[in-house]
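A.B. asks: I'd like to go over a predicted model; first the sequence, then the structure.
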Amino acid sequence: MIEIHNIHKSFNGKKVLDGVSGVFQTGKTNLLLGASGTGKSVLLKCIVGLIKPDIGSVTFDGTYFTNNKLDIKQEIRRKIGMLFQGSALFDSMTVEENVAFPLKMLYDMDKDERLDRVNFCLQRVGLEGTNKKMPAELSGGMKKRVGIARAIAPKCTYLFCDEPNSGLDPLTALKIDRLIKEITEEYNITTIVVTHDMNSVIEIGDNIMFLYEGKKLWEGTSDNILDSDVPELNEFIFANRLMRDAKKVEEEEERNRAD
Ligand SMILES: Nc1ncnc2c1ncn2[C@@H]1O[C@H](COP(=O)(O)OP(=O)(O)OP(=O)(O)O)[C@@H](O)[C@H]1O
């Protein structure tokens with residue numbers, strides 16, 4: 001379980017996070033939802049320690065993280081897996097080398113043990129046998145799968161995903177969302193996903209925190225989000241639907257032109 005308490009962050013006098021508190025449960029897919037520029041990524045970076053909040057604290061399973069001693073922070077960092085926006089694979093490394101990378105950095109494993117773990121993770125994300133492929137040879141969805149395999153390779157306790165389905169077609173996006181949820185439940189991980197996609201909300205939103213202009217305006221689940229009485233959230237959901245409908249019309253028109 002991850003707890004955040006009263007997180008504030010400003011850049012050059014501009015407030016980006018304004019007193020955000022909340023709890024992210026173990027074994028659940030916790031979503032940080034909001035429009036562009038509402039502070040989702042900054043909050044994620046504050047949680048993992050890439051950005052220091054001006055005020056506030058983060059606790060991992062009861063251990064205080066923010067401003068704690070370096071060795072305690074490093075111990076927590078070892079348990080964190082990250083799936084970055086755009087996958088962020090090393091282009092000059094094979095799939096196998098990419099997934100092995102955190103194992104080399106964090107563990108004193110022999111080569112065979114490391115390869116076993118890499119193969120296990122590749123198999124878990126449905127990419128067995130792709131060891132020697134280069135990232136340039138992979139589709140967007142496959143790259144995300146490699147990113148997930150790399151994140152879980154060190155047996156992470158906490159998984160952070162920054163817009164995991166950006167740039168993917170709806171069906172591939174759905175498969176990636178489901179894979180993240182399955183892995184979260186299977187390994188009892190605390191997962192936080194940054195998203196602005198309502199499809200993800202409905203599909204995997206065990207616990208959703210809606211951010212608006214740096215504030216948490218609503219918290220709930222995919223079952224009750226459509227009943228919210230928060231105007232900013234309802235407007236966000238409506239805009240998402242309009243976007244989806246407009247996309248459908250565009251695709252339909254494209255199909256008609258092609259016929
Ligand atoms: N290092 C930084 N220095 C200055 N401003 C920053 C920095 N990082 C983020 N910001 C600003 O903080 C605000 C929130 O950014 P953030 O990336 O958290 O938005 P977001 O909700 O994740 O949006 P998106 O969905 O577009 O990624 C933006 O106005 C951004 O320009």
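C.D. replies: Everything's here; your move. Numbers count the residues shown, from 1 in each chain.
A.B. asks: Quick one: low-confidence residue ranges for the stretch 1-150 of the chain.
C.D. replies: For the stretch 1-150 of the chain, applying pLDDT under 70 flags no range at all.
A.B. asks: From D71, how far out is the residue nearest the centre of the chain?
C.D. replies: Geometric centre of the chain, nearest residue: C161, 1.4 Å, by CA atoms, centre = their mean. For C161, the distance to D71 equals 27 Å [CB to CB, to the nearest Å]. Where you see a C-beta, it was placed from the backbone N, CA and C, and this is true even at glycine.
A.B. asks: What segments of this protein are strands?
C.D. replies: 2-11, 14-24, 29-33, 55-60, 63-64, 80-83, 158-162, 190-195, 207-212, 215-220 (DSSP state E).
A.B. asks: can you list the ones you listed in a markdown table and add distance to G147?
C.D. replies: A markdown table is the format used below for the strands of the chain (distance: least, CB to CB, whole Å):
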| stretch | distance to G147 |
| --- | --- |
| strand 2-11 | 21 |
| strand 14-24 | 20 |
| strand 29-33 | 16 |
| strand 55-60 | 22 |
| strand 63-64 | 27 |
| strand 80-83 | 5 |
| strand 158-162 | 9 |
| strand 190-195 | 13 |
| strand 207-212 | 23 |
| strand 215-220 | 27 |
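A.B. asks: Let's have the ones you listed in CSV, adding distance to the ligand.
C.D. replies: Supplementary listing: these in CSV, determined by distance: least, CB to the nearest ligand atom, whole Å:
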stretch, distance to the ligand
strand 2-11, 3
strand 14-24, 4
strand 29-33, 8
strand 55-60, 15
strand 63-64, 24
strand 80-83, 14
strand 158-162, 8
strand 190-195, 6
strand 207-212, 7
strand 215-220, 12
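A.B. asks: from memory the residue nearest to the centre of the chain sits against T191, does it?
C.D. replies: Yes. Distance between C161 and T191: 7.0 Å, which falls inside the contact criterion (CB atoms under 8 Å).
A.B. asks: and for these two, which residues touch both?
C.D. replies: I180 (CB atoms under 8 Å, 6 or more residues apart in numbering).
A.B. asks: number of nearby residues for L31?
C.D. replies: Neighbour count for L31, taken as other CB atoms under 10 Å: 28.
A.B. asks: And the one 5 residues further on, by the same measure?
C.D. replies: When counting by other CB under 10 Å, one arrives at 7 neighbours for S36.
A.B. asks: now E252
C.D. replies: 10.
A.B. asks: swap in K215?
C.D. replies: 16.
A.B. asks: One more: the one 5 residues further on?
C.D. replies: Neighbour count of G220, defined by other CB under 10 Å: 17.
A.B. asks: which parts of this structure sit against the ligand?
C.D. replies: 11, 16, 34, 36-42, 196 (CB under 6 Å from any ligand atom).
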